[in-house]
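Asks: Have a look at this prediction, sequence included:
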Amino acid sequence: MDAALRRSFDDDGAVVVRNCLDSDQLALCRGAFDWAVENHGPNASMMFEGTEQQSHVDNANPNAKERLDELVTQLPFGKIFADLWGSENVWYFAEEIFFKTGGNSARTSFHQDTSYLPWTGKHWGNAWISFEAVPKKNSLEIVKGSHRGIQYDGPNFTDPNDPTSPLHGEAAVPFLPRLPDIDAELARDPAAYDILSWAVEPGDVVLLHPHSLHGGAQTDPDFPTRHTLVLRFFGDDATFRSLPESNSGLGRGGILFTEEMDKLKDGDRFRAPVFKKLV
Ligand SMILES: O=C(O)CCC(=O)C(=O)O
Ligand SMILES: [Fe+2]
C-alpha cells in the first residue's frame, strides 16, 4: 500500500480508495444491500421518522450475519485495513445500511459512531460503499483530523432541524459535551471546519475512522436516491469502552451484540468469537 494513504488515514481519519471493488464484488455488495432493505432486522429504524425527510437505516441485522460474514471474505478490506493500520489481525464487526430516497432526505447529521458504540482505539474503520456515482455535494463528509479529538455526545436523529439534539444528555455519566452545530457554523464561515469529502464512482470506497466527526449529505432533486452499505472492521488496537449511563435507551455496551458486550470490561481488548477474523 501507498505510504501516503497510510499517513492520510492516520492524520486525517479518512481516505478514498478509487476502484477498490471490482464489478463482481460490487454486485455482491448490492445483493446484500437489497436483501437488507427487503428483510429488516430488529435494529432497523427511520432516521427523522415521521418527517418528509426520513430515511431508512438498519444496523447489524442478525438475520444477515451469515451472508455478510461470507461476503466480507470476497472483499479486499481485511488486507486493506491490515496495511492501513499496520495491524496483524483484522476482524469484521457488522454492517449498517443507509437508504435515502424521494429526493428530499435530510443529511445524516454529523456524529461520531463512538457515541453509540462502545469503542476506543486506533484500529477501527468503516468502509463506506455507495452504489451510485455520488457528487461531492451529496457525499460523505468528515471533519479532518477529528478522529484524534474529544468524544462528544451524539445526536439522537429525531429532528432534522436540530442536528445536535443530545442522545445521552446532561445527566449522563460521564457527561459528554454537546456537539457543535457544524452545519450552521459552516454556513456562517466555510472555513470553520476542514471538511473532507469526495465525489465517488461505483467501486470507489471511503474508509473512515468511526470516531471522526462525519455526516452523510442530503439527497436533492438532482441526486434523489442514495444506497449506501457501510461495513465496519477492527484490528489489534481496539478496546471496549462503555457508553455513558443515561436514559438514551442504550446500555453500557450499546444495542448491538449485547450478550458479547456484557462480558467485556472497560479497557479490555475488543474481542469476541462472534466477530469473523479476516486476517
Ligand atoms: O452515509 C451516511 O449518510 C452516513 C454514514 C455513516 O454515518 C457511517 O458510515 O458511519
Ligand atoms: Fe456514522
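Replies: Okay, I see it. Ligands and ions are numbered 1, 2, ... in the order given.
Asks: quick one: Val230 from Asp159, how far?
Replies: 23 Å (C-beta to C-beta, to the nearest Å). For the C-beta atoms, the positions are set from N, CA and C on the backbone; glycine is no exception.
Asks: The two: who's more crowded?
Replies: Val230 (22 against 14; other C-beta atoms under 10 Å).
Asks: part of a strand, is Val230?
Replies: Yes: when DSSP: H, G, I helix; E, B strand; the rest coil is applied, Val230 is found to be in a strand.
Asks: was I right about Gln218 contacting Ser105?
Replies: Yes: counting by C-beta atoms under 8 Å, Gln218 touches Ser105, with 6.0 Å between them.
Asks: more neighbours, those two?
Replies: Neighbour comparison, Gln218 and Ser105: the larger count goes to Ser105, with 28 against 19 (by other C-beta under 10 Å).
Asks: Let me see the ranges of the helices in the stretch 1-150 of the chain.
Replies: For the stretch 1-150 of the chain, the helices defined by DSSP state H, counting those that start in this stretch cover 3-12, 23-38, 65-73, 77-85.
Asks: Now tabulate the ones you listed in TSV and tack on mean pLDDT.
Replies: Formatted as TSV, the helices of the stretch 1-150 of the chain follow (pLDDT from 0 to 100):
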stretch	mean pLDDT
helix 3-12	97
helix 23-38	96
helix 65-73	98
helix 77-85	98
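Asks: Can you convert the ones you listed into CSV and add a column each for distance to ligand 1?
Replies: CSV is the format used below for these (distance: least, C-beta to the nearest ligand atom, whole Å):
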stretch, distance to ligand 1
helix 3-12, 15
helix 23-38, 12
helix 65-73, 15
helix 77-85, 14
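Asks: Would you check how far apart whichever residue of the chain sits closest to ligand 1 and Asp262 are?
Replies: Going by C-beta to the nearest ligand atom, ligand 1 is nearest to Gly216 of the chain, at 1.8 Å. Between Gly216 and Asp262 the distance, using C-beta to C-beta, works out to 31 Å.
Asks: Switch the helices of the stretch 1-150 of the chain over to TSV; also include mean neighbour count and distance to Asp153.
Replies: Listed next are the helices of the stretch 1-150 of the chain as TSV, based on neighbours: other C-beta atoms under 10 Å; distance: least, C-beta to C-beta, whole Å:
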stretch	mean neighbour count	distance to Asp153
helix 3-12	15	23
helix 23-38	16	28
helix 65-73	16	29
helix 77-85	21	27
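Asks: Any idea which of those helices gets closest to Arg148?
Replies: Counting by C-beta to C-beta, Arg148 lies closest to helix 3-12 out of the helices of the stretch 1-150 of the chain; the figure is 8.7 Å.
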